[in-house]
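*Asks:* Structure for this input, please:
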Amino acid sequence: MKIKEILKAAGSVALDVFAPGAREAINAVLPDKYKLGASATGADAEHALQWATPEQRASILERNIDLQIAQEEGWTARYQAMCQADGQSSRAFIARLMAWVLALEILAFTVWAFVHSEMMDSPALWSVFGTLTGVPAGLLAKYFGELRREQRNRQEAMGAAPASGLLSRVVQQFK
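*Replies:* Numbers count the residues shown, from 1 in each chain. Next up, the predicted model:
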């Protein structure tokens with residue numbers, strides 16, 4: 001994203017919040033009397049750039065790479081802060097527990113099926129097996145579905161485009 005696009009998109013939002021590093025990139029070339037404060041908005045930056053010389057404006061446009069690096073570092077810091085504040089340890093513990101329960105149920109059923117192979121044709125047996133394995137399997141599916149949704153929401157909140165692989169595009173077409 002170019003500096004001018006960022007300033008127009010930022011509007012009345014503080015630059016340090018909207019595009020970390022943009023204010024520093026602009027202040028590096030502006031004269032002291034036009035330097036932007038910590039609470040400067042996109043509109044303030046556009047106003048300050050009107051007084052800059054053409055050479056200073058060109059210098060700001062050359063700093064797009066520095067700005068992109070600063071934005072990536074800002075997104076990384078925000079993502080790390082959100083993950084630390086999330087506190088999903090209990091849900092992860094429950095999911096791990098359900099995975100162990102599911103694995104033990106399947107193992108126990110397999111051993112039982114070898115010992116009592118004559119009962120494998122019973123529909124009641126399969127309904128009990130489906131009930132016993134369905135609960136932990138359903139909880140695991142729900143957990144990973146919620147995890148995927150939360151991750152997509154975080155990416156969108158940080159301004160990143162959600163992943164669009166072949167499988168996700170096919171699923172989107174069916175929705």
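*Asks:* all helices for the chain, in order.
*Replies:* Secondary structure of the chain (DSSP state H): helices at 3-10, 15-18, 22-27, 42-50, 54-62, 64-86, 89-115, 123-157, 166-174.
*Asks:* Neighbours of the nearest residue to M119 once chain neighbours are set aside, how many?
*Replies:* Distance criterion CB to CB, 6 or more residues apart in numbering; nearest residue to M119, sequence neighbours excluded, is L125 at 5.8 Å. Placement of C-beta: from N, CA and C, glycine included. Applying other CB atoms under 10 Å, we find 15 residues neighbouring L125.
*Asks:* picking up where we left off before, let me know which of the helices of the chain is the nearest to Y34.
*Replies:* Across the helices of the chain, Y34 has its closest neighbour in helix 42-50 (4.7 Å, CB to CB).
*Asks:* quick one, which of the helices of the chain is nearest to K33?
*Replies:* helix 42-50 (9.7 Å).
*Asks:* what's that closest one packed up against?
*Replies:* helix 3-10, helix 15-18, helix 22-27 (3 or more CB pairs under 8 Å, 6 or more residues apart in numbering; DSSP states H and E).
*Asks:* Least confident of those helices, on average?
*Replies:* Mean pLDDT per stretch puts helix 3-10 lowest among the helices and strands packed on helix 42-50, at a mean of 58.
*Asks:* For the residue nearest to M119, give me the pLDDT.
*Replies:* 84.
*Asks:* can you tell me how far it sits from S117?
*Replies:* According to CB to CB, to the nearest Å, L125 and S117 sit 11 Å apart.
*Asks:* Check A124 too.
*Replies:* Separation of A124 from S117 (CB to CB): 16 Å.
*Asks:* Check the most centrally placed residue in the chain and give its pLDDT.
*Replies:* Taking CA atoms, centre = their mean, the centroid of the chain lies closest to Q155, which sits 2.8 Å from it. As predicted, Q155 sits at a pLDDT of 75.
*Asks:* same deal with the one 4 residues further on?
*Replies:* At G159, the model reports a pLDDT of 69.
*Asks:* what sits against the residue located most distally from the centre of the chain?
*Replies:* What lies farthest from the middle of the chain is E118; by CA atoms, centre = their mean that is 51.1 Å. By CB atoms under 8 Å, 6 or more residues apart in numbering, no residues touch E118.
*Asks:* Relative to L125, how far out is it?
*Replies:* 11 Å.
*Asks:* same deal with L30?
*Replies:* 78 Å.
*Asks:* Kindly report the same for W100.
*Replies:* From W100 to L125 the distance is 23 Å (CB to CB).
*Asks:* again with E46
*Replies:* From E46 to L125 the distance is 73 Å (CB to CB).
*Asks:* which regions of this protein lie under the pLDDT threshold?
*Replies:* The model of the chain has pLDDT under 70 over residues 1-21, 51, 60-71, 83-89, 159-165, 168, 175.
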